[in-house]
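Trainee: Whatever this is, show me its structure:
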Amino acid sequence: MNRTTLCMLLILVLPGFVSPLLAEQPEPAQRWSLDDADSDAWTVYGKVTGAAGVQEQSLMFDGHSLVEFNDSTTLTYGDAGFTLLAWVNPYALNHTQQMVIGKNRYALNEREWGVMIDADNRFRLYVWQGKWITIGASNSPRPGHWHQLGVVVHSDRAELWVDGEQVGEVTLSKPLSRTAAPVTISGINDNGRIRQNLVGAIDEVQLFNKPLNADQLQAAYQPISETHNIPFLAHGMNIDVDPSWSQQLERHREQDRSSIVFDGHRPNQLACDTTLRKLPDGSWVMIMLGGGDTEPVPQNRVFISRSLEEGMTWSPVVPIDLGIKSKNPDTALVPSELMVHDGRCTLFVATHDGTFADWKEWMTHSDDSCRTWSPLVPAPGRLRDRTFIRNHIVTRDGRMLLPFQHYTRVAETKSISNSRRFSAPTDPRNGVLMSSDGGKTWTEHGDIRISANDNYHGWAENNIVELSDDRVAMIIRADGLGGVLYYAESTDGGRTWPEFARPTTIPNPGSKATLYSLGGESVALLHNPNPRHRSPLALWISFDGMQSWPYQRVLVPESVDGPSGRLNYPDGFVSDDGRYLHFAFDDNRHRGVYYGATLPERLK
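Mentor: This is a model prediction of the structure:
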């Protein structure tokens, strides 16, 4: 194709379409056709692949990647203003900020402009005038469809155009800032932190060194009928509530039950990482992280309480003696999973120096329902270092799967709040341990990332559930990555996994969430459905393999300490008769609570 015959980026030559001749259209000062990820004109961060474009090929972005145009810091410095045009095909409207194209480095106080899909799922232009002023579209884009965006900057105003129509303008009180920030697409390279990433495709970006007029902008747009089939990796789960459940929700709430297991007081008020399990002898136990008033501190250790009445009464919480504290009282312990399988209990526990600088993962067994324990042995392979082992499942073919979150390194130890010191684990990797011989031997599978930034720090707590057709689904907490859970899926029973997890549409404030199989394609989710705060605590249920979540019920509206308190880390099991989801959670880090949530009748 002779591209010089096209006077603007977005006049398309496609099968069955003849573009008009526009002799009055100016030539762009810069044009990035984006036909191939490999180019001397830009630098790729993360993984970028090709897809069908508005002309030839486009670049497809997975929510962790971006392209930075080389030598682009001064491209929009002209006194006359500029026009920038680009095509975008979004794949997921997930209530996060997804940058299409921008020129900012927030961490360096370099703010100029950017056009994105904003958290309300609408296109919005941001321009910096000492503060952000914005222009927003009234409608959301259509996932899988091509949309043309136009940013027009005059000396006294800025305009946003979508699909050949002006959607608004704002007055500029001063010229836009001129910084050293590069122009990037599909995200912002914020001084090494890759953020605000797009899930979708971008094609045909053009820059004009003057504002185009309305006739030119309207002539530059021709609708594109070709669409993209949205990959499952980016498909947003349907999180709309089904109102037909409303009557049952109230009845279920009346049948719920709850009790207090532990109510802490200074100087040992901490309750954290609560885990509820039914043991081989029929008793229930709650395992938790306690000791001291907060974490991480050297006083932290593992505690246990037992119930002989299915959660209605509880024994006093006492520490589990694993022989660590007697050797070094300043070694902190953190429980991460209590696996009950075939008459044996296996506790996975981490030790560290009180800052996570010397972090090891161990396992110990009990054959008498958590009354005595075997000597600690390291977790398998590389997982003995900087790892949490999480909630196990047993697959239909009898294999045991244990999800893990592992970190490749730990950052420098620094002082944090409450006189604590912390060594931030970075570059989390997720996967599963697999055993086909009842836990005698284990193999490691998966090395899933949630960020392309090697220095990313976040508690990437994961959970898994088995679906149909040999699929295993994994959700991952993703701190600071848009306020949603991330998702990865294995299609061969947990043996292989994708390189990156993908954002879902499920809100999450950066907190552990847990999954429970209810049989077939039915899955329960315990979590905080709030992108900003760990409250409320809710039960969601999917009946179609996590594609939609029609059943949504708030179990605990707020903390005993009021709306600013946090409801953390629900973890438990489904009753044998399928009537209840029994779990424990911590209420604002000082109260361990048992809760029995009634399940819908159709699942029993």
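Trainee: Can you tell me how far residue 474 is from residue 467?
Mentor: As judged by CB to CB, to the nearest Å, residue 474 and residue 467 stand 11 Å apart. To be clear about C-beta, it is placed using only N, CA and C from the backbone, and glycine gets the same treatment.
Trainee: Counting neighbours, go ahead and name the busier of these two.
Mentor: Using other CB atoms under 10 Å as the criterion, residue 474 and residue 467 rank with residue 474 on top: 26 against 20.
Trainee: Surely the more buried one forms part of a strand?
Mentor: Yes: counting by DSSP: H, G, I helix; E, B strand; the rest coil, residue 474 falls inside a strand.
Trainee: quick one: it and residue 498 touch, right?
Mentor: No: applying CB atoms under 8 Å, one finds residue 474 not in contact with residue 498, separated by 9.8 Å.
Trainee: Need the overlap of contacts for those two.
Mentor: Here residue 474 and residue 498 have 448, 488-489 as joint contacts, going by CB atoms under 8 Å, 6 or more residues apart in numbering.
Trainee: Just put those residues in CSV and tack on distance to residue 129 and pLDDT.
Mentor: Listed next are the shared contacts of residue 474 and residue 498 as CSV, based on distance: CB to CB, whole Å; pLDDT from 0 to 100:
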residue, distance to residue 129, pLDDT
448, 41, 96
488, 41, 93
489, 44, 92
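Trainee: In strands, which of those fall?
Mentor: Mapping these onto strands (DSSP state E) picks out 448, 488-489.
Trainee: for this protein, which spans come out with low pLDDT?
Mentor: Along the chain, the model assigns pLDDT under 70 to residues 1-24, 94-95, 232-236, 602-604.
Trainee: picking up where we left off before, nearest to residue 535 among the shared contacts of residue 474 and residue 498?
Mentor: Among those, residue 488 lies closest to residue 535 (CB to CB), at 26.8 Å.
Trainee: For the closest one, grab the count of nearby residues.
Mentor: Each residue near residue 488 was counted by other CB under 10 Å, and the total is 24.
Trainee: who touches the residue nearest to it when sequence neighbours are not counted in this structure?
Mentor: Among residues not flanking residue 488 along the chain, residue 501 sits closest, at 4.1 Å (CB to CB, 6 or more residues apart in numbering). By CB under 8 Å, 6+ apart, residue 501 lies in contact with 430, 448-450, 474, 476, 478, 486-488.
Trainee: residue boundaries of the helices in this protein?
Mentor: With DSSP state H as the definition, the chain shows helices at residue ranges 214-219, 246-255.
Trainee: quick one: the longest one to chain centroid distance?
Mentor: The chain centroid and the centroid of helix 246-255 are separated by 30 Å under CA atoms, centre = their mean, to the nearest Å.
Trainee: Please name the residues that touch the closest residue to residue 287 other than its chain neighbours.
Mentor: Closest residue to residue 287 apart from its sequence neighbours, by CB to CB, 6+ apart: residue 275 at 4.5 Å. Contact partners of residue 275, counting by CB under 8 Å, 6+ apart, are 286-288, 335, 337-338, 571-572, 584.
Trainee: what do you get for residue 472?
Mentor: Residues in contact with residue 472 (CB under 8 Å, 6+ apart) are 393, 395, 401, 432, 464-466, 489-490, 493-494.
Trainee: List the buried residues for stretch 278-288?
Mentor: Residues of stretch 278-288 classed as buried: 278-280, 283-288 (neighbour count, 16 or more other CB atoms under 10 Å).
Trainee: Give me the contacts around it.
Mentor: 261-262, 271-277, 302-308, 310-311, 314, 317, 320, 335, 338, 340, 343-345, 347, 368-370, 573, 582, 584, 586, 592, 594.
Trainee: one more time with 7 Å, if that's ok
Mentor: 261, 271-277, 302-308, 310-311, 335, 338, 340, 343, 345, 369-370, 573, 584, 592, 594 (CB atoms under 7 Å, 6 or more residues apart in numbering).
Trainee: ok, now how distant is residue 271 from residue 312?
Mentor: Using CB to CB, we find residue 271 at a distance of 19 Å from residue 312.
Trainee: Tell me which of the two has more neighbours.
Mentor: Neighbour count, other CB under 10 Å: between residue 271 and residue 312, residue 271 has more, with 28 against 13.
Trainee: surely that one meets residue 588?
Mentor: No: at 8.8 Å, residue 271 does not count as touching residue 588 under the criterion of CB atoms under 7 Å.
Trainee: okay, and the common contacts of these two?
Mentor: Between them, residue 271 and residue 588 share no contacting residue under CB under 7 Å, 6+ apart.
Trainee: Tabulate the shared contacts of residue 474 and residue 498 (JSON lines), appending distance to residue 198.
Mentor: Converted to JSON lines, the shared contacts of residue 474 and residue 498 look like this (distance: CB to CB, whole Å):
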{"residue": "448", "distance to residue 198": "20"}
{"residue": "488", "distance to residue 198": "19"}
{"residue": "489", "distance to residue 198": "21"}
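Trainee: what's the burial count for the residue lying closest to residue 113 once chain neighbours are set aside?
Mentor: Excluding its sequence neighbours, the residue lying closest to residue 113 (CB to CB, 6+ apart) is residue 127, at 4.8 Å. Using other CB under 10 Å, the number of residues around residue 127 comes to 22.
Trainee: For residue 127, list the residues it contacts.
Mentor: If a contact means CB under 7 Å, 6+ apart, then residue 127 has 113, 133, 158, 170, 176 as its contacts.
Trainee: ok, back up a step: pick the most deeply packed of the helices of the chain.
Mentor: Most buried of the helices of the chain, by mean neighbour count (mean count of other CB atoms under 10 Å): helix 214-219, with a mean of 16.
Trainee: circling back to that earlier point, which pair in the buried residues of stretch 278-288 spans the largest distance?
Mentor: Across these, no pair lies farther apart than 280 and 288, at 20.5 Å, counting by CB to CB.
Trainee: domains for the chain, by residue range?
Mentor: 3-231, 384-502 (automatic domain parsing).
Trainee: how about CSV for those, with distance to residue 257 added?
Mentor: CSV is the format used below for the domains of the chain (distance: least, CB to CB, whole Å):
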stretch, distance to residue 257
domain 3-231, 34
domain 384-502, 22
